[in-house]
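> please work out how this folds:
(one chain, ligands or ions: 2)
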Amino acid sequence: MEELDQMVMRMVFENYGVEKYYDSLTESVTRTLGFIKYKEPQNTVSTCNALDRHTDKTFTTILHQNHVKGLEIKTKDDQWLGFDYSPSSFIFLAADALQVWSNDRIPSCIHQVHISENETRTRYSFGLFTFYDKTINVPEELVDEEHPLRYKPLNIFEYLKANVGHGGELSIKAYCGI
Ligand SMILES: O=C(O)CCC(=O)C(=O)O
Ligand SMILES: [Fe+2]
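Ligands and ions are numbered 1, 2, ... in the order given. Now for the predicted structure:
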């Protein structure tokens, strides 16, 4: 999963012609692995929002799960799109710090977990959450007339700390948007 993250991020940096910044930004990285067990399904509720809509406060997130689907992604036209994992697939999510780095070119993915009323099995999922330790600055190449600078430099751990005081509801725009 780590290699997948590195490969995708290298492609993103190359795509924007700023690969020269890749090594210095990513040289110090914190990755956490999460194994998530959802509540046992209860027949008393018709449908259950198992994880409320949110964006991840990481740079990127890679998720994997099998057996019990439920992940939904919000599209640009405000539709919720169910994501049906195959047991061998992973989903790569752009998160808040990547939105900052890209100066809003890559929006942080809004997602939630919604488990079907007919589901009787317990849902488990597995995630790789990636944070870069260095302060994240928008590359100057990604700032132009059409895309004026939209964020102040971001230290992702300070953002996480600030969120603790806001019950996790502090958005990246509110935290470091210009
Ligand atoms: O379980 C999932 O598929 C999503 C988990 C998730 O969004 C998260 O841990 O931030
Ligand atoms: Fe998430």
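
> count of neighbours near whichever residue of the chain sits closest to ligand 1?
Ligand 1 sits closest to Ser125 of the chain, with a gap of 3.3 Å, by C-beta to the nearest ligand atom. Just so you know, the C-beta spots here come from the backbone N, C-alpha and C atoms, and that holds for glycine as well. By the measure other C-beta atoms under 10 Å, the count of residues near Ser125 is 22.

> now the least confident helix or strand in the chain by mean pLDDT: how far from the chain's centre is it?
Least confident element among the helices and strands of the chain, by mean pLDDT, DSSP states H and E: strand 48-54 (a mean of 86). Averaging C-alpha positions (C-alpha atoms, centre = their mean, to the nearest Å) puts strand 48-54 15 Å from its chain's average.

> so who does the residue lying closest to the residue of the chain closest to ligand 1 once chain neighbours are set aside touch?
Excluding its sequence neighbours, the residue lying closest to Ser125 (C-beta to C-beta, 6 or more residues apart in numbering) is Gln65, at 3.6 Å. With contact taken as C-beta atoms under 8 Å, 6 or more residues apart in numbering, Gln65 is in contact with Leu71, Tyr85, Arg123, Tyr124, Ser125, Phe126.

> model confidence for Gln65, exactly?
Gln65 carries a pLDDT value of 87.

> I'd like the numbering to begin with 8 instead of 1 from here.
New numbering, starting at 8: the last item is Gln72.

> where exactly do the helices run in the protein?
With helices called from DSSP state H, the chain shows them at 9-22, 29-33, 103-108, 163-171, 179-183.
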